[in-house]
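> Pasting a predicted model and its sequence here:
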Amino acid sequence: MNDLRSNAAPQSGLRQWRSSLGFFLASLSGGGEERQSFRPMRRLMGLGRPYWGRIVLALVSVLAGSLLTLAGPVVWKYIVDSIVPGGDSSILGKGTLLLIAIYLAQGMVGVVSGLCMSFVGLRVTLDLRMSLYEKLQALPLAFYSERRTGELVSRLMNDVTAVRSILTTDLGGILRQTVTFIGALVLIIVTDWRLTLLMVIMVPAVSSVSIVMGRFIRRLSKQVMDGFAAATTVLEESISGVRVVRSFVREGYEAGRYRGALENLFNLAMRRVYVEVTLGPLLQTMFFSSTVVLIWYGGKQVLAGRLTPGDLVTFFVLTTLMGNSISWIGGLWTRLQRTLGATARLFELLDQENTLPESPDAVTLPPLEGRITFEGLSFAYPTTDSDEAAPWVLRELDFEVAPGQTVALVGPSGAGKSTLMNLIPRFYDPVEGRILVDGHDLREVTFASLREQLGMVPQETHLFGGTIRENILYGRLGATEEEMVQAAIDANAQEFIDALPKGYDTVVGERGVKLSGGQRQRVAIARALLKNPRLLLLDEATSSLDNESERLVQEALERLMKGRTALVIAHRLSTIRNADRILVLESGRVIEQGRHEELVAQGGLYANLYRQYQDQPDDAVVVGG
């Protein structure tokens, strides 16, 4: 714990600045990488195509507003010249009214452009979140075994939020400030080319500082987003595992982990802050210094009679507009660098390759009889190390489960029982061999038609945080009230549901935390009963229950399995005795099979496991692990 905290201690301001300065100098060597980094941004802008009508209306409004902004300084020229000695005073009133009209029109088109761009930005971020969510739903389980939930949630929520401003205010602002800058530049050239030349000499210095520091900010911003995702991951893990944390008295340790992640995030954020707070005052100092020089030179031009006072005022109003445009573009550049990292992370997820795609020629499974055939089946989990061969988890399995038959899978821990279960719904594909259902290769049928006819009841039941009603109806969303209640009755859940304060409308809490283990299992069984699947996959749903809960759950499971093909990972003898056939797995191979009495008589691994507990009641005997 002390090591964890000492590593996370914040650096001193001087060390932070030195570290940031070194990183800043290293960022000066951009180039091809710079162009590459903008590709995700171009893709992001492409997401706005479905809303091109609103975008066009917004951009036309922005263009009109920019032209009105440029018209103001021109009118100011005539107003100022009308009030100096020798000026035409009749212009004063007309010019004032014209300015008011210009500013009113400018406000109106600003409202139109703001509404349109906000709509487009919010819709695109909604579409982007849905695309990311659908991508996550389509990716195979192997992807999730290498990612943390907190990181994925951070990308879906925080990273998308980070890019929203680019799509709402900044897209229209780019056109507005560009038109304003170019228009103001043309007008000041017409006003006095000498002042314009002096100003143009000063612009590259300001721009170069903004570009270089912006590149640095982009790199830091990506690191900040990664740090935020890491902190979110630690938070999500500690909250979701709060029972384990408290049972092991690890509150202090988890607080240290979270503090370490937050301190790392703080350090990264402060490095970015050092650059951002330096950039603003630096650009401001350079801008005002340039303005002082221009005032000095412009004043000399007026005294020499080359400019009128109105020309000088117009020049400085236009110069201010240009300065604001440069400042805004500099701010945009900073925001853009911060956004590029988040955008790259989003498209990295969207571009994630699906290693378990559905075949384009996949057929829809008809209603199944329930025959499952394993032919030469071998499987190994993919490894990220290309130099290391993945170990076999299942090897050369050949057996068949007849329709309506219950087959129990027994064996020591690590024998491959759960892996075999995960292959049937195609969470993974075999490396060698194949699995057939009613003669159909699983790789040649659609995911939906296969999984709609499968029911799964795992050992660790997952309930959603809503009501009992919502959790049961998850099995079949269109089921009637009577069908739902009957499923609960068959699952032995009706009695405890009626005893709850709100019955079926009782909120179960995150992962069903408000229910006991047996109650959660019975809700899960009711959900599976309502689905009415042809094939059942059960992972020892009674292994961690007390005797009374186990009895109720076992009765419900027997109703669930009746007339259906079922594969059951079984440890308790009370479950195994009822199976039509028992398969004994060891090191990924089926080494024995038969009924309980036959396997005991063979004197093999099953018999050895059984004899360790043969003097205990059936519901206490554990065979395998």
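In hand now; what should we look at? Residues are numbered from 1 along each chain as shown.

> From the contact counts, what lies against the helix or strand where V186 lies?
Assigned by DSSP states H and E, V186 falls within helix 171-191. Packing partners of helix 171-191 (3 or more C-beta pairs under 8 Å, 6 or more residues apart in numbering; DSSP states H and E): helix 52-83, helix 90-138, helix 193-240, helix 309-350. All C-beta atoms are positioned from the backbone trio N, CA, C, and that covers glycine.

> Can you tell me which of those helices is most buried?
Mean neighbour count (mean count of other C-beta atoms under 10 Å) peaks for helix 309-350 among those, with a mean of 21.

> List of residues touching the helix or strand that that helix is followed by?
Using DSSP H and E, the helix or strand that follows helix 309-350 in sequence is strand 372-379. Strand 372-379 is contacted by residues 392-401, 416, 419, 423-424, 428, 430-437, 439, 535, 565, 567, 588 when judged by C-beta atoms under 8 Å, 6 or more residues apart in numbering.

> Tell me how far strand 372-379 lies from the chain's centre.
Centroid separation for strand 372-379 versus its chain: 35 Å, with C-alpha atoms, centre = their mean, to the nearest Å.

> mean confidence for that strand?
Strand 372-379 shows an average pLDDT of 94 in the prediction.

> just checking, what packs against the next helix or strand after that strand?
Sequence order places strand 394-401 as the next helix or strand after strand 372-379, per DSSP H and E. Applying 3+ C-beta pairs under 8 Å, 6+ apart, one finds that strand 394-401 contacts strand 372-379, helix 417-423, strand 589-594.

> Sheet-wise, list the partners of strand 394-401 with their directions.
strand 372-379 (antiparallel) (DSSP bridges).

> Name the spans of the stretch 251-400 of the chain whose pLDDT lies under the cut-off.
280, 283, 330, 334, 338, 384-389 (pLDDT under 70).

> how does it look with 50?
The stretch 251-400 of the chain contains no residues with pLDDT under 50.

> quick revisit: give me the buried positions along the helix holding V186.
For helix 171-191, the neighbour count (16 or more other C-beta atoms under 10 Å) marks 171-177, 179-181, 183-185, 187-188, 191 as buried.

> Same question for stretch 592-607.
Buried residues in stretch 592-607 (16+ other C-beta under 10 Å): E592, Q593, H596, L599, V600, L605, Y606.

> and those as JSON lines, adding distance to I102?
Listed next are the buried residues of stretch 592-607 as JSON lines, based on distance: C-beta to C-beta, whole Å:
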{"residue": "E592", "distance to I102": "91"}
{"residue": "Q593", "distance to I102": "89"}
{"residue": "H596", "distance to I102": "93"}
{"residue": "L599", "distance to I102": "93"}
{"residue": "V600", "distance to I102": "97"}
{"residue": "L605", "distance to I102": "91"}
{"residue": "Y606", "distance to I102": "91"}
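
> if we can go back for a sec, just the buried ones from the contacts of strand 372-379?
Using 16+ other C-beta under 10 Å, the buried members of these are 392-395, 397, 401, 416, 419, 423-424, 428, 430-431, 433, 435-437, 535, 565, 567, 588.

> Am I right that Y133 is in contact with L156?
Yes: using C-beta atoms under 8 Å, Y133 is in contact with L156, at 6.7 Å.

> quick revisit: export the helices and strands packed on strand 394-401 as TSV, with columns for distance to L67.
Below are the helices and strands packed on strand 394-401 laid out as TSV (distance: least, C-beta to C-beta, whole Å):
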stretch	distance to L67
strand 372-379	67
helix 417-423	64
strand 589-594	79
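
> Out of these, which gets nearest to L92?
helix 417-423 (83.5 Å; C-beta to C-beta).

> mind checking which of the helices and strands packed on strand 394-401 is nearest F228?
Once those are compared by C-beta to C-beta, helix 417-423 is nearest, at 32.5 Å.

> For the closest one, C-alpha coordinates in PDB please.
Provided in PDB are the C-alpha atoms of helix 417-423 (Å, rounded to 0.1, in the frame of the first residue of the first chain):
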ATOM      1  CA  LYS A 417     -16.700 -28.500 -18.900                       C
ATOM      2  CA  SER A 418     -17.600 -24.800 -19.000                       C
ATOM      3  CA  THR A 419     -15.700 -24.300 -22.200                       C
ATOM      4  CA  LEU A 420     -17.700 -27.100 -23.800                       C
ATOM      5  CA  MET A 421     -20.900 -25.300 -22.700                       C
ATOM      6  CA  ASN A 422     -19.700 -22.000 -24.200                       C
ATOM      7  CA  LEU A 423     -19.200 -23.600 -27.600                       C
END
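
> tell me what it is packed against?
Checking 3+ C-beta pairs under 8 Å, 6+ apart, helix 417-423 ends up next to strand 372-379, strand 394-401, strand 406-410, strand 535-539, strand 565-569.

> how distant is the second one from the center of its chain?
Computed by C-alpha atoms, centre = their mean, the separation of strand 394-401 from the middle of its chain amounts to 38 Å.

> And the third one, by the same measure?
Taking the mean of its C-alpha atoms, strand 406-410 sits 39 Å from the chain's own mean (C-alpha atoms, centre = their mean).

> same deal with the last one?
Strand 565-569 has its C-alpha centroid displaced from the chain centroid by 35 Å (C-alpha atoms, centre = their mean).

> Look up the closest residue to the spatially most central residue of the chain, ignoring the ones flanking it.
Central residue of the chain (C-alpha atoms, centre = their mean): L156, 2.5 Å from the mean position. Closest residue to L156 apart from its sequence neighbours, by C-beta to C-beta, 6 or more residues apart in numbering: L132 at 5.3 Å.
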